[in-house]
Every structure is written in structure tokens, then in C-alpha cells.
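Participant: next input, structure requested:
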Amino acid sequence: MFGGKATEALWYHFAILFEALFILTAVDAGTRAGRFMIQDLLGHVYAPLGRIDSIPANIVATLLCVFGWGYFVYQGTVDPLGGVNTIWPLFGIGNQMLAGIALLLATVVLIKMKRERYTWVTLVPTAWLLVCTLSAAWQKVLSSDPTIGFLVLANKYSEAAAAGTLIAPAKTIAEMQRVAFNNYLCGGMTIMFALLVVAMAYFTVKMALRAWRQPAPTAAETPYREAPLRVSYATAH
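Facilitator: Numbering: from 1, shown residues only. This is a model prediction of the structure:
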């Protein structure tokens, strides 16, 4: 559109840079949010792991989170079909479902604050996100088209591997099995994401109705708790 073939290389590298920055910022923000959630979960099992002012607990939670997304990056890298066919659909579904969950939470907060007249601001995009992501998840799991459905593609490669038949671009039976495993895994994760969003929607309706019936606001913040003061060596000197 702008400059024709003469500037094609420039726009190509601009697009690659944009994509790289998008992925890096998403992974960075996701890792930090994931660390907090992991620590909140582990804190119920072993209290010291839930302390966000504890460096060892922070490191443990961060490593667990990085291992989680790093495993999918590795599996996509060694997948003969290419990581974009396995990771990208899962990333897109998970990313937009997270946005839907955040908007569901905001809806409940508005109702608890007795600001019901503003809930359309969150409910309109929530409805759009849930319809799009849940229908996409449905297609990625149950579609009979191997170019779309995770499970049908996994079955295709698994059955071929069991019969000793190679399907390009896989060059060995091990690669055939890897494609099947990756797609079974992504299909399972997609089902888990969809069930999580449905559960969140159910509890959103339940809590919203309960708050709606209350005559006074029921929103409350967690009491402030001061974290232990940490003074760095550079600051102290």
C-alpha cells in the first residue's frame, strides 16, 4: 500500500518486530500475573510460599510459571507442523478468555458497588468475547476438519503412526507421535479453558444476583497489610 515493492522489506521487518514485541509483552505480563496466582494457590498448601515479599517464594512461583509456558514453546518448536499451528490458536483462545474473565469480575464489582446502570459497559464486550472464544474453542476441539480440529488431527497422526505410515512433513514415527501428542495436549487445554470460563460465568451470575438483592453496597476491599521493609544494599550505602 505504501511504497510498493521498494519498501516491502521495511514493512516486513516492522511486522516481525511488532509481533515479537507483542509476544514478549504478553509473556512478561502473563508471567507476573501467573506468579501471583501460583503463590496464592501454593500459599494454601504451604503458607511461606504465599508470601509475595519472599524472594525464594517468588523464584519458585516464577520458575513454575515459566516452565508452564516454556514447555508449550518447546513443544511447538519441535513440532514438525510448526509451532504456529499448535501454540497460536491456544494462545489466542486463552488470551481472549482471560479478558472475558476480567470483564466478568468487573461486572460483579459494579453490581456490588450498586452501580448496576453501568454494567452494560462490561457486559457488551463480555458477551462478544465469550461467544467468539467459546465457539472457537468448540471448533478447535470438535471440528472434523484436520486443518482446524486439534483432536481429529491428533487421531489422524496417531492412527497413521500405529500403522507405520508417515504423513508429511513428519519424517519419522517419533515425529508422527509428537504431532499427535501436541494436538491432544492442546485439545485438552482448550477444553479446560472453556470449562473454566463457563464456571466463571456461572459464579458471576450467582454472585451478581446475590449482590443485586442487597439494598446496600456489598463491595469490600481486603484489609491493608504492610509488607516487611526491605532495604537494598545500594540504598543502605
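
Participant: neighbouring contacts of stretch 10-17?
Facilitator: With CB atoms under 8 Å, 6 or more residues apart in numbering as the test, stretch 10-17 has contacts from 2-3. C-beta coordinates here come from the backbone N, C-alpha and C atoms, glycine included.

Participant: ok now it, how far from the chain's centre?
Facilitator: On the basis of CA atoms, centre = their mean, to the nearest Å, stretch 10-17 sits 26 Å off its chain's mean C-alpha point.

Participant: and the residue nearest the centre of the chain, what does it touch?
Facilitator: The chain has residue 94 as the residue nearest its centroid, 3.6 Å off, counting by CA atoms, centre = their mean. Applying CB under 8 Å, 6+ apart to residue 94 gives the contacts 189, 193.

Participant: against residue 206, how distant is it?
Facilitator: According to CB to CB, to the nearest Å, residue 94 stands 24 Å off from residue 206.

Participant: just residue 95 next, same as before
Facilitator: 26 Å.

Participant: likewise for residue 157?
Facilitator: 42 Å.

Participant: so what pLDDT did residue 233 get?
Facilitator: Per-residue pLDDT puts residue 233 at 45.

Participant: what does stretch 138-149 contact?
Facilitator: The contact list for stretch 138-149, computed with CB under 8 Å, 6+ apart, reads 89, 93, 150-153, 156, 186-187, 190-191, 194.

Participant: buried residues in the strand or helix carrying the residue nearest to the centre of the chain, which are they?
Facilitator: Here residue 94 sits within helix 87-112, counting by DSSP states H and E. If you call a residue buried by 16 or more other CB atoms under 10 Å, then helix 87-112 has these buried ones: 87, 89-91, 93-94, 96-98, 100-101, 103-104, 106-108, 110-112.

Participant: hmm, residue 68 is touching residue 31, no?
Facilitator: No. At 9.2 Å, residue 68 does not count as touching residue 31 under the criterion of CB atoms under 8 Å.

Participant: now the element after whichever strand or helix holds residue 22, going C-ward?
Facilitator: Secondary structure assigned from DSSP H and E places residue 22 in helix 8-42. Counting by DSSP H and E, the element after helix 8-42 in chain order, helix or strand, is helix 55-78.

Participant: helix 8-42 and that following helix, what's the angle between them?
Facilitator: Going by axes from the mean of the first three to the mean of the last three CA atoms, to 10 degrees, helix 55-78 is angled at 130 degrees with respect to helix 8-42.

Participant: just checking, what packs against helix 55-78?
Facilitator: Contact here means 3 or more CB pairs under 8 Å, 6 or more residues apart in numbering; DSSP states H and E; on that basis helix 55-78 packs against helix 8-42, helix 87-112, helix 173-212.

Participant: out of the ones you listed, which is the most enclosed?
Facilitator: Of all those, helix 87-112 has the most neighbours on average by mean count of other CB atoms under 10 Å, namely a mean of 18.

Participant: going on from that one, what's the next piece of helix or strand?
Facilitator: helix 120-142.

Participant: pLDDT (mean, whole number) over that following helix?
Facilitator: pLDDT averaged over helix 120-142 equals 93, rounded to a whole number.

Participant: equivalent analysis for stretch 89-106, please.
Facilitator: Per-residue scores along stretch 89-106 average to 88.

Participant: then stretch 146-157?
Facilitator: 92.

Participant: one more: stretch 20-39?
Facilitator: pLDDT averaged over stretch 20-39 gives 86.

Participant: brilliant, that's me finished.
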